[in-house]
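Peer 1: Can you look at this prediction? I've put the sequence above it.
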Amino acid sequence: MSDQATRTVVVTQRFFDEETISYLHSHGCEVRLADLPPGKADGELTEGSLVQLLADADGWIVGHARVTRALLGRLPRLQVIARRGVGYERVDTAAVADLGKVAAIAVGGNDACVADHAIALMLAVNHRLRESQMQMNTGSWAILTGADLYQKTVGIVGLGRIGRGVVQRLKGFETRILAVTNDPDAAWARQCGVEYVDLDTLLALSDVVTLHAPLTPETRMLIDAQALARMKSTAVLINTARGGLVDDAALLDALKAGRLAGAGLDVYLSESDPSYTSVTNALIALPNVVATPHSGASTREGLNRTNQIAAQCVVAVLDGGEPPAGCAIADGRHRV
């Protein structure tokens, strides 16, 4: 174990709860919360700003900042990086391992709230809640007819923890559930009433397509113009996973042309590629798009769970142990 008097944990995320701070204190850690500029997230901090914040840190609880080889090379004291979340495409895991550090994610902390959020977006888009309120704000109480989720066909792309949580929630709507996954489990599928199909079949048959796949080179732009063209014109696309899964420009074209009924979006390509900012702005201005600012995991309960898991990862590594099961994504302690 390192000298507890010098165990410094820097948190570059908002909404870090007192219970988790107390947990870190009780395990010999000084906690320093970054004073982020109003309206800014840590993903917008420069490398120089991050170095200033983290120069004397042993542990770092991070949100969306890019964890690069160049940054880590300037932080020799840093031992562990814990993401308050589960996506880690912004973490250079090879660099973490090469430099003898550990990176971890908060597995299981936000599964429930993101699954809830996906269902909320399905209902909001199908019931045209945004369009109705926009009309009411102009004085019109004309009734817009929506669409049921009840007994519809829902296609789920990706059956990890969140995708399976969506399956459980859809049971109450008596939906037919189609799924695409790289890891099929026949027994589980029979038990839950899930049909495994290929992507083309899923797109063609589904009334709602909801994305829960990780962003990898293979899944980048998975839903492009050709994929959107395979969907029903009455269908809805939901993305609470990663913006890079969808070609947002193609989605915008499909929605404007009436080739898709609507979309529920919590993530955007512009988050990783600022050249798509105008596309994002045009998407969220459409009346048949229900948009949220990558907030699907940001319930009070979900944030507290992910804070706690990230803190447990930090403490475990600083104590010379292993992060909770499934949380470690890179461990280079035995390489140096």
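Peer 2: Okay, I see it.

Peer 1: domain parsing for the protein?
Peer 2: 4-109+299-331, 111-291 (automatic domain parsing).

Peer 1: Make JSON lines out of these and add mean neighbour count and mean pLDDT.
Peer 2: No exception for glycine: its C-beta is placed from N, CA and C like everyone else's. Shown next, in JSON lines, are those (neighbours: other CB atoms under 10 Å; pLDDT from 0 to 100):
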{"stretch": "domain 4-109+299-331", "mean neighbour count": "19", "mean pLDDT": "94"}
{"stretch": "domain 111-291", "mean neighbour count": "18", "mean pLDDT": "97"}
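
Peer 1: So which residues of the stretch 201-336 of the chain form strands?
Peer 2: Taking DSSP state E, counting those that start in this stretch as the test, the strands found in the stretch 201-336 of the chain are 208-211, 236-239, 262-265, 289-291, 328-331.

Peer 1: can you tell which of those is closest to I105?
Peer 2: Proximity to I105 (CB to CB) singles out strand 328-331 among the strands of the stretch 201-336 of the chain, at 5.8 Å.

Peer 1: quick one: contacts for the residue nearest the centre of the chain?
Peer 2: By CA atoms, centre = their mean, the chain has its centre lying nearest to A241, at 4.8 Å. A241 makes contact with 158, 162, 211-215, 267, according to CB atoms under 8 Å, 6 or more residues apart in numbering.

Peer 1: Next step: those residues restricted to helices.
Peer 2: Among the contacts of A241, the members found in helices (DSSP state H) are I162.

Peer 1: can you tell me which of the contacts of A241 lies nearest to V125?
Peer 2: L211 (13.9 Å).

Peer 1: Which strand or helix spans W60?
Peer 2: Assigning secondary structure by DSSP states H and E places W60 in strand 59-62.

Peer 1: That strand: how far from the chain's middle?
Peer 2: Counting by CA atoms, centre = their mean, to the nearest Å, strand 59-62 is centred 18 Å from the centre of its parent chain.

Peer 1: now swap in stretch 310-328 and tell me
Peer 2: Distance, stretch centre to chain centre, for stretch 310-328: 21 Å (CA atoms, centre = their mean).

Peer 1: ok, and what's touching it?
Peer 2: With contacts defined as CB under 8 Å, 6+ apart, stretch 310-328 is touched by 1-2, 7, 9, 20, 23-24, 27, 29, 58-59, 61, 79-80, 82-84, 102-109, 309.

Peer 1: again, only this time at 7 Å
Peer 2: With contacts defined as CB atoms under 7 Å, 6 or more residues apart in numbering, stretch 310-328 is touched by 1-2, 7, 9, 20, 23-24, 27, 29, 58-59, 61, 79-80, 82-84, 102, 104-107, 309.

Peer 1: what do you get for stretch 16-36?
Peer 2: Stretch 16-36 has contacts (CB under 7 Å, 6+ apart) with 4, 7-12, 14, 42, 53, 304, 307-308, 311, 315.

Peer 1: Please, where are all the helices along the chain?
Peer 2: In the chain, the segments counted as helices under DSSP H are 18-26, 47-54, 69-73, 93-98, 111-126, 129-137, 161-170, 186-192, 199-205, 225-230, 248-256, 277-285, 300-318.

Peer 1: Including distance to E271, could those go into JSON lines?
Peer 2: Listed next are the helices of the chain as JSON lines, based on distance: least, CB to CB, whole Å:
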{"stretch": "helix 18-26", "distance to E271": "25"}
{"stretch": "helix 47-54", "distance to E271": "18"}
{"stretch": "helix 69-73", "distance to E271": "19"}
{"stretch": "helix 93-98", "distance to E271": "20"}
{"stretch": "helix 111-126", "distance to E271": "16"}
{"stretch": "helix 129-137", "distance to E271": "21"}
{"stretch": "helix 161-170", "distance to E271": "18"}
{"stretch": "helix 186-192", "distance to E271": "32"}
{"stretch": "helix 199-205", "distance to E271": "24"}
{"stretch": "helix 225-230", "distance to E271": "20"}
{"stretch": "helix 248-256", "distance to E271": "10"}
{"stretch": "helix 277-285", "distance to E271": "8"}
{"stretch": "helix 300-318", "distance to E271": "18"}
